[in-house]
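Engineer: the following comprises the amino acid sequence and a computationally predicted model.
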Amino acid sequence: MHARRLNLGCGSRKLPGFLNVDASPECQPDAIVDLESLPWPFEDGSAQEILLSHVLEHLGPTPSSFLGIMKELYRVCAPGALIRILVPHPRHDAFLIDPTHVRAILPETLQLFSKAKNREWRERGVANTPLALQLDVDFEIDRVAYDLDEPWKGRLARAELDRDALEEAIKSHANVVAQVEIVLRAR
């Protein structure tokens, strides 16, 4: 199957101009595909743009299945393809209360799939697993955005805390960031 734009795990959020894909026939997607069943029915290098909106945290309950999904994601991407990933922050109640969430996804998680980062860590002697080199995948983080929850969003808007204080709050408190948007580029 050839698709330039994929909305993977679309649920009821179908987008015009995308091949809307979901495992559930009740969602009436354009294509019914179980994203945990590999390989996916998409051609190598066919996707220029992929959206995974509140999907990736539900996939790959075991490390090997998650790594297989990341390899498959890379396989279907054309060089330079953009992958937009939206996930709940793992220290937010929205992540914690859903029993179908099987893994936390943060920008640092996805850096493990960057060959440049893997090589940098190897040279510095950092113990991070060089997944990009081991799996022969290469994603670079293009952009990261945090959707803040209240009262943090308001406090930042009113200049009641600066960026450093916000970064500290994100690392040490729950319910600061509701959602993380991570845009990857396939290399």
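Structural biologist: Now that the structure is in, tell me what you want to look at. Numbers count the residues shown, from 1 in each chain.
Engineer: middle-most residue in the chain, spatially?
Structural biologist: Ile85 (3.8 Å; C-alpha atoms, centre = their mean).
Engineer: beta partners of it?
Structural biologist: Following DSSP bridges, Ile85 is listed with bridge partners Leu52, Ile182.
Engineer: looking at it, it is touching Leu59, isn't it?
Structural biologist: No: the pair Ile85 / Leu59 is not scored as a contact, 11.1 Å apart, by C-beta atoms under 8 Å. C-beta here means a position set from N, CA and C on the backbone, and glycine is covered the same way.
Engineer: can you give me the helices for the protein?
Structural biologist: Applying DSSP state H to the chain gives helices spanning 63-76, 93-96, 107-111, 115-124, 131-135, 152-157, 163-172.
Engineer: and the first one, what does it pack against?
Structural biologist: Packed against helix 63-76, as judged by 3 or more C-beta pairs under 8 Å, 6 or more residues apart in numbering; DSSP states H and E, are the following elements: strand 47-53, helix 131-135.
Engineer: just the CA coordinates for that helix, please, in CSV.
Structural biologist: This file holds the C-alpha atoms of helix 63-76, laid out as CSV (Å, rounded to 0.1, in the frame of the first residue of the first chain):
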residue,chain,number,x,y,z
PRO,A,63,10.8,-3.9,24.5
SER,A,64,11.2,-6.2,21.4
SER,A,65,7.8,-5.3,20.1
PHE,A,66,8.4,-1.5,20.6
LEU,A,67,11.7,-1.7,18.8
GLY,A,68,10.1,-3.6,16.0
ILE,A,69,7.5,-0.8,15.7
MET,A,70,10.3,1.8,15.6
LYS,A,71,12.1,-0.2,12.8
GLU,A,72,8.8,-0.4,10.9
LEU,A,73,8.2,3.3,11.3
TYR,A,74,11.6,4.0,9.8
ARG,A,75,11.1,1.5,7.0
VAL,A,76,8.0,3.2,5.7
